[in-house]
Each structure stands twice: as C-alpha cells, then as structure tokens.
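Trainee: Generate coordinates for the sequence data below:
(one chain, ligands or ions: 1)
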Amino acid sequence: MIDLTRVAPLLNEGARQFLGSAQPMLIGEQWCNADSGELIDVFDPATGTLLSQVPAGGASDVDRAVTAARQALAGPWGQMTGLERGKLITRFAQRLEALADELAQIEAIDCGKAVTHARYVDVPLTANTYHYMAGWASKVAGATVGLSSPGNAHAFTLREPIGVVAQIVPWNFPLVLTAYKLAPILATGCTTIIKPAEQTPLSTLRLAQIALEVGFPPGVINVVTGYGAAAGAALAAHPGVDKIAFTGSTEVGKQVARTALDSVKRVTLELGGKSPMVVFADADLDHAIPALAQAIFFHQGQVCTAGSRLLVHRSIHDRVIEGIIRQAGLLKMGHGLEPETTLGPLISKRQLDRVRHYIEQGQRDGADVISTGLETAESGYFVQPTLLVGASPESAVMREEIFGPVLCVTSFGDEGLHDIARQANDTPFGLSASVWTHDLSTAHTMAKLIKAGSVWVNAHHCFDPALPFGGFKQSGFGREQGAEAIHTFTEVKSVCMKL
Ligand code: NAD
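Mentor: Take a look at the predicted model:
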C-alpha cells in the first residue's frame, strides 16, 4: 500500500496528485502496463517507504515501443520542418519551467535529492537544454563541398536524423540526463524510447505526460520502465533501434556497446569518472574551499563528475583539509523534501553498502579516515561525508569510482606540471577535472595536459547546454550538449551530381 502521509504536507498539489498511485508507461499514445503485468516498487530513499509502482517492461514491451517510434518517424513528425520542431521544443521548455516546483519535488523524493538543488539546478538546466536545442532545430544542415577531382560536378552533404534512438538513463539526474539526449533527439527529428533507471522512473513519466500535452505526436517519445537486464538489454539488442544513447556505469556501458555492435547501432556512452581537483599553492582558498567541498558533497557525491580526488600542494594541504571538513560540518542532512536539507540519502541500500565498503577498504589500505558527525532523524540510506587522506595512488579508493560523499586526498610538491598532470591522469577515467590557481600559464598548461572531456579552472561543475560534455578514456565516447550533440544524432550523406 502506498502511503504518503509522512511526506504529504511537504508536497505541492501537482506532486501529491502524481505520486501515491501506480504509474503506467507510455507506448505510442497508450498509457499501459507491461505485457507481463509485473510491477517495480519505487522507494523513497530517505525513509525506505514505498512511493509508487511502475511497469516492469520487458522484451515484448520494448518491441511495441520500437514499432511506435518507427511509425512516428514515418508520420507527421517526419514531415515537420526544423522551425516547427523548434517551436514545439520551446513550448515544452516553457511548460517545464511553469511546472518547476512540481518537477523538483518529484525528482527530490524519487532520487533523495535536496529539493532546493532540484529546483534551482536540475530543473533550470533541464529547461535550458531544451531551450538551447530548440534553436538548433532550424539549423541542422549539410554543406556544399568543393571537390578535389577535376570535372563539372555539384557536391553537397545532407544531415539526416539518425532514426529511432533508445536512451538508457541512470538514477542520479533523471531529468537532466534525459534532457541531454531528448533535446537533440527532438531537434534533429529523431524519435525515441526512454528507459529510465528502475530506481527513479517518476520524473520521466511526468515528463512524457507533459510532452503529449504540449503537442508532440504520439510515438515520438515513448517510455518503457523496467530493469536494465530486461528492458535495457532488449533495447540494446533490438534491430529496429538505430542508436543507443547510454549514460551509466562503465561496466554496463561496455556490455551495452558490445550488444549494440552486433547490429552496428550507433552508440554514445557517458560513463563513470574519478575526477581530480588540482589545487596549487597560489589558489584563492577562501573561494576554493567551499567550492571543493560542494564538488564532492553535492548530491551526496553521486555525480559522475564529482571532484572525488583532491591533489593539493603540500604547503596548503592541512589548511584545505580543515576547511573542507568545516564545510562538511555545515551541511544539513535530512529528507530531500525539507527545504533546509543540503545532504540527502544515497539512492539505495546497495549503494550504501558499496560506499561503506570503500571507506573500510581505504582504511585497510592505510588512509586516514575523517568523518563528520552530522545528525539525521531519518532512517534511510544516509552516509557521513568522509575524507580518506593519504591513500596510495595504486589503491582501489584512488582509482575506482565510489559514487558517494567520499573525498580521497593526496598531495604534491614542487615537481613540474607534467608530473602533476600525470598524477591527475592516473586513473582509467577521464570525465572532468578542475585546476585551482591564479597563474595563467599553469592554468592553460594543465588544461592541455589533463586528459578529460571537461576541464574547469577555479570552479568545478560548470555545465551549460552550449558546452560539449563527455568523457576521455573509460569515461565514454561521443559528446552530448552543444553543436556536437546535433552531430551525434544525425547521419551525414554525401551527394555528388555530375553536371
Ligand atoms: P548502471 O550502469 O547500473 O545503470 C544505468 C542504466 O543502465 C539504468 O537505466 C539501468 O537499468 C540500465 N542497465 C543496467 N543493466 C543493463 C543491461 N544489462 N543492459 C542495458 N541496460 C542496463 O548505472 P547506475 O548505477 O544507474 O548509475 C551510476 C553510474 O552512472 C555511475 O558509474 C556514474 O558515473 C554514471 N554516470 C555517468 C554520467 C556521465 O554523463 N558520464 C552521468 C551520470 C551517471
């Protein structure tokens, strides 16, 4: 039985109406259950109580959704001009903005996110991504090409929608990470099947309701809720899917890419990270310390780009650590829906066990463990912000993604920038990095030497719909956001006419 009594006073009318009852998924114009009739329980990670239920979609549901997406591609959607698509995407973005409070609450309770973060980070970034990509819809174009061989010919390229795109999305930022894919999918005229994470399907289902309300034709956006091994794997294998846009762990990403390769699907992968924050002796620490703490503790460190490794100059090591611990002590741990909460729970018991395991492992490997003693009245999957200081570069905690509020700290001395960059690059990942210095030459040189898809200077977590986002090395391939996203959802066709 779904009982929202505990949180009901914190919910606005829209969120209260949406939560508290089982939600069907969307295939074509049908809101439906899974063919199997099976359901997935969706829990509030702050209390462990049942929040909602969604269909446990499987291979036959995926098949129906792919058929609907293929039909929509051949229907009126395929005939719309880019300008018309852009207007529709703008309308969608405006509607999301109008419903920002409701969406933020649904996201906060489903993900265990602080509602103020959801309201002032997730929802605006989501809406802005649609606004930005609405502009691109009318500018998807090929080019005329001057040929190298002699002769009278006219050559040009066409840039065409890639077709049916399956999106597989993780649980940490459902609205934002869906927008990174859905906005360029809509701008380029593709159609899609979204498979949200089984832990956090709710905002995606609400998003799909809003998309139909603003006028996207049925079948353009389909949502199949389900477990990864069933619905996700069926999407990766389905011959009617032209591209997989995957965000999630490196392990599952590799599996999805292997399956997709069998039918030579296009694939983009946004995977894990172990992002370094390199703090030089000349950094403005009053500015840096709160930002460094935020970089690892925001959303409990369950952020692919979390600043999870701190490399700090020996001369400021103690001051920076003390500062970050002080900042952690200011966090307010609690239920995401409480407006003053700044640190919610982890997503699940499994994630809690994983993070605790890494903290113990770090201690066994010789790191000093420093934990805050924040209080919470809640009974969910909470973990204290923790620093692991002095772990060796080879240890698991320094190389593997923990995905929790755990900062691994190491120091450097007066070795050259190449050597410091080598230490920063010393993991299998390459998603993001930040460099903290006032020396222009150091900043530019480090930005070149660091192997990561995003390098930020005197800041961490600068996201913008215009900035391409993605990973080097095992953090993935392909880019979302910016003009790059338009390229990854289109095929280029060369046309040559002998005159
Ligand atoms: P996950 O890989 O376990 O799951 C991600 C998605 O894949 C979920 O929807 C899941 O149901 C699905 N899935 C699971 N098994 C599957 C299979 N066999 N076939 C097809 N789909 C399957 O990841 P998670 O635990 O949900 O999310 C955390 C991970 O996501 C972290 O590693 C994090 O770094 C990464 N992430 C990366 C980015 C980025 O942009 N690079 C952003 C956010 C999260």
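Trainee: Flag the shaky bits of the chain, pLDDT-wise.
Mentor: The chain contains residues with pLDDT under 70 at 1-2.
Trainee: what residues does it put near the ligand?
Mentor: The chain has residues 168-172, 177, 195, 197-198, 227-229, 232-233, 236, 247-249, 252, 255-256, 270-273, 304, 401, 403, 431, 471, 475-476 near the ligand, with proximity defined as CB under 6 Å from any ligand atom. In short, each C-beta sits where N, CA and C put it, glycine included.
Trainee: Just these: which are in helices?
Mentor: Members of the residues of the chain next to the ligand lying in helices (criterion: DSSP state H): 177, 233, 236, 252, 255, 256.
Trainee: I'd assumed residue 34 was in a strand, is it?
Mentor: No: under DSSP: H, G, I helix; E, B strand; the rest coil, residue 34 sits outside any strand and is assigned coil.
Trainee: just checking, it touches residue 61?
Mentor: Yes: if you go by CB atoms under 8 Å, residue 34 and residue 61 touch, sitting 5.4 Å apart.
Trainee: The two - which one has more neighbours?
Mentor: Neighbour comparison, residue 34 and residue 61: the larger count goes to residue 61, with 26 against 22 (by other CB atoms under 10 Å).
Trainee: which strands and helices sit next to the helix or strand harbouring that one?
Mentor: Applying DSSP states H and E as the criterion places residue 61 in helix 59-74. Judged by 3 or more CB pairs under 8 Å, 6 or more residues apart in numbering; DSSP states H and E, helix 59-74 is in contact with strand 25-27, strand 164-168, strand 191-195, strand 221-223, helix 233-237.
Trainee: quick one: contacts for the residue nearest the centre of the chain?
Mentor: When CA atoms, centre = their mean is applied to the chain, the residue found nearest the centroid is residue 177 (3.9 Å). With contact taken as CB atoms under 8 Å, 6 or more residues apart in numbering, residue 177 is in contact with 169, 170, 247, 270.
Trainee: how near is it to residue 122?
Mentor: 10 Å (CB to CB, to the nearest Å).
Trainee: Would you check that residue 446 makes contact with residue 420?
Mentor: Yes: Residue 446 is within contact range of residue 420, at 7.5 Å (criterion: CB under 8 Å).
Trainee: Now do the shared contacts for the two.
Mentor: With CB under 8 Å, 6+ apart, residue 446 and residue 420 have common neighbours residue 278.
Trainee: all strands of the stretch 301-450 of the chain, in order?
Mentor: With DSSP state E, counting those that start in this stretch as the criterion, the stretch 301-450 of the chain has strands at 307-313, 368-371, 386-389, 406-412, 429-430, 432-436.
Trainee: just to revisit the earlier point, which of the residues of the chain next to the ligand are buried?
Mentor: 168-172, 177, 195, 197-198, 227-228, 232-233, 236, 247-249, 252, 255-256, 270-273, 304, 401, 403, 431, 471, 475-476 (16 or more other CB atoms under 10 Å).
Trainee: burial count for residue 376?
Mentor: Counted with other CB under 10 Å, residue 376 comes out at 17.
Trainee: ok, it - contacts?
Mentor: 333, 334, 382.
Trainee: cool, and residue 152?
Mentor: Counted by CB under 8 Å, 6+ apart, residue 152 has contacts 498, 499.
Trainee: And for the one 3 residues further on?
Mentor: With contacts taken as CB under 8 Å, 6+ apart, residue 155 has the following neighbours: 144, 145, 146, 147, 494, 495, 496, 497.
Trainee: Doesn't it belong to a strand?
Mentor: Yes: using three-state DSSP, the secondary structure at residue 155 is a strand.
Trainee: That one and residue 470, how far apart?
Mentor: Counting by CB to CB, the separation of residue 155 from residue 470 is 31 Å.
Trainee: and the residue lying closest to residue 173 once chain neighbours are set aside, how many neighbours?
Mentor: Nearest residue to residue 173, sequence neighbours excluded (CB to CB, 6 or more residues apart in numbering): residue 122, at 6.3 Å. Residues lying near residue 122 (other CB under 10 Å) number 26.
Trainee: quick revisit: reformat the contacts of residue 376 into a markdown table and put distance to residue 93 next to each item.
Mentor: Output for these, formatted as a markdown table (distance: CB to CB, whole Å):
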| residue | distance to residue 93 |
| --- | --- |
| 333 | 33 |
| 334 | 31 |
| 382 | 34 |
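Trainee: ranking those by neighbours, who comes first?
Mentor: residue 333 (24 neighbours).
Trainee: That residue contacts residue 340, correct?
Mentor: No: counting by CB under 8 Å, residue 333 does not reach residue 340; the two are 10.4 Å apart.
Trainee: quick one: contacts for residue 490?
Mentor: 140, 159, 160, 161, 162, 188.
Trainee: can you tell me which two in these are farthest apart?
Mentor: The span of the contacts of residue 490, defined through CB to CB, is set by 140 and 162 at 11.4 Å.
Trainee: any residues in contact with both of the two?
Mentor: In contact with both residue 140 and residue 162: 188, 490, using CB under 8 Å, 6+ apart.
Trainee: May I ask which of the contacts of residue 155 has the most neighbours?
Mentor: Most surrounded of the contacts of residue 155: other CB under 10 Å gives residue 145, at 14 neighbours.
Trainee: okay but that residue is in contact with residue 158, surely?
Mentor: No: Residue 145 lies out of contact with residue 158 (CB under 8 Å); the separation is 11.3 Å.
Trainee: still on that earlier bit, need phi/psi at the residue nearest to residue 173.
Mentor: Note on residue 122: backbone dihedrals following degrees, to the nearest 10 are phi -60, psi -50.
Trainee: Contacts only, for the closest residue to the ligand within the stretch 301-450 of the chain.
Mentor: Here the stretch 301-450 of the chain gets closest to the ligand at one residue, residue 304, 3.2 Å apart by CB to the nearest ligand atom. Residue 304 sits next to 172, 247, 270, 271, 272, 273, 431, 475 when contact means CB under 8 Å, 6+ apart.
Trainee: Residue 104 too?
Mentor: 115, 118, 119, 122, 123.
Trainee: The residues you listed in helices, which ones?
Mentor: Per DSSP H, the contacts of residue 104 map to helices at 115, 123.
Trainee: of the contacts of residue 104, closest to the ligand?
Mentor: Nearest to the ligand among these, with distances taken as CB to the nearest ligand atom, is residue 122, at 12.3 Å.
Trainee: From what I see, that closest one and residue 113 are in contact.
Mentor: Yes: between residue 122 and residue 113 there is a contact at 7.2 Å, judged by CB under 8 Å.
Trainee: the helices in the stretch 1-150 of the chain, which residues?
Mentor: In the stretch 1-150 of the chain, the helices defined using DSSP state H, counting those that start in this stretch lie at 13-18, 59-74, 76-79, 82-98, 100-111, 115-117, 123-137.
Trainee: ok, the residue nearest to residue 105 when sequence neighbours are not counted - how many residues close by?
Mentor: Leaving aside its chain neighbours, residue 105 sits nearest to residue 15 (4.0 Å; criterion: CB to CB, 6+ apart). As a burial measure, residue 15 scores 26 neighbours (other CB under 10 Å).
Trainee: All set, thanks.
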